[in-house]
Structures are given as C-alpha cells and as structure tokens.
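> Generate coordinates for the sequence data below:
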Amino acid sequence: MISIESKFKLLAVLIASFVTVLPPLVIYLSYTSPEAEMILPILLLLFIIFFWLTVFRTRAHKLTIDNKNIIVNKYFGLGKSKVHDIGKLDGFVTTFESGKLGVSEFLFILENRKRVACISSFYQSNFDELKEILKRKIPDLGEKEYSSKEERAEVLR
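Residues are numbered from 1 along each chain as shown. Prediction:
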C-alpha cells in the first residue's frame, strides 16, 4: 500500500508563524506605549485573521494520499481531516502564479467541479513527488489560466 504525506517548506511555515505572532505583539506594544494608538495594530490583526480564514484555508493544505483516498487538512494541517475517495474525484487543474519569490505552481484537486484540496510548489517541499502520484491516480484536467476575480470568489466561498 502506497501512502505519501505532504511536507511544508520551512519558508512557508516561517511566514505563517510570523504573520500569526506579529499582530498580538504589535497590539501589546501599542497598548503598553503611552503614545501609540490602537487603530493600526487592530487593523493588522483583522488583516491576519482574514488571511488565515481565506488564503490559508484554500491553499495551505496538508495531504495524505494512499491507494483509495486523499485526506485533506486545511490551515497548515491544523484543520479537521476530510477524506476524499480517489475514485470520486474529477481530477486536478494546474495554475501558475507569479510573486516576489518567483513563479509557483498550484494543483487544485476537484470533486464535483469544486476545489477540495491544493498542493503547491510554494507550500510543499515534496511538491514534485505529490504531483507525480496525483498524475497516476486522477485525471490531469490541464492548465487553467489564473484569474484574480475567480480566485477572490473562491477565497471568499
């Protein structure tokens, strides 16, 4: 029985840790300072909460793939496990996104035409291995051009 688990890159974990720890620290420092105002730290905190509830929910997934199932944990593996039967998956689509750190490849696994999981070259250190296993187990539905409008709708879903 083949089983593989996704592994997060150190940079992705450090970024998530930094953006999680920074707002409470800024709020504390602002609160204890006699001159600092609280509006900017609270806005920063709200931004980080929004980031955790959207981007990390839709992209930072921990996957375990075996012969029959794909088990998905959202929020860097901290979320509840959801099991998807490989035989019921539509396949996966590939998108490429560019950012300050270069171009990242994202594979979105679909079930009933909806995204149920994501692996990416930005978040996973074993992305290439996961991609090869997915290609053997579910259909490759091709490349889909990145659409910021479509991505915003998905993030807010």
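> so who does residue 63 touch?
Residues near residue 63 by C-beta atoms under 8 Å, 6 or more residues apart in numbering: 5-6, 70-73, 117, 119, 130. C-beta coordinates here come from the backbone N, C-alpha and C atoms, glycine included.
> I'd like the next helix or strand past the helix or strand where it lies.
For residue 63, the host element (DSSP states H and E) is strand 62-65. The helix or strand immediately downstream of strand 62-65 is strand 69-73, counting by DSSP H and E.
> what element comes up after that following strand heading to the C-terminus?
Read in the C-terminal direction, the helix or strand following strand 69-73 is strand 81-85, with elements assigned using DSSP H and E.
> sorry, back to before: could you work out the most separated pair of the contacts of residue 63?
Greatest spatial distance among these (C-beta to C-beta): 73 and 130, at 14.2 Å.
> re earlier: residue 89: which of the contacts of residue 63 is nearest?
Distances from residue 89 to the contacts of residue 63, taken as C-beta to C-beta, are shortest for residue 70 (7.2 Å).
> That closest one reaches residue 89, doesn't it?
Yes - taking C-beta atoms under 8 Å as the contact criterion, residue 70 and residue 89 are neighbours in contact, 7.2 Å apart.
> which residues do these two both contact?
Applying C-beta under 8 Å, 6+ apart, one finds that residue 70 and residue 89 are jointly contacted by residue 109.
> Which stretches in the chain count as helices?
Counting by DSSP state H, the chain forms helices over residues 10-32, 39-53, 55-59, 127-137, 148-155, given from the N-terminal end onward.
> Of all these, which one comes closest to residue 100?
The stretch from the helices of the chain with the least distance to residue 100 (C-beta to C-beta) is helix 10-32; that distance is 11.6 Å.
> If we go by neighbour counts, what in the closest one is buried?
Neighbour-count burial for helix 10-32, with 16 or more other C-beta atoms under 10 Å as criterion, is recorded at 12, 16, 23, 26-27, 30.
> pLDDT weak spots in this structure?
Scanning the chain with the threshold set as pLDDT under 70 gives 1, 146-157.
> Mind doing that once more with 90?
Applying pLDDT under 90 to the chain picks out residues 1-3, 12, 15-60, 75-79, 97-102, 144-157.
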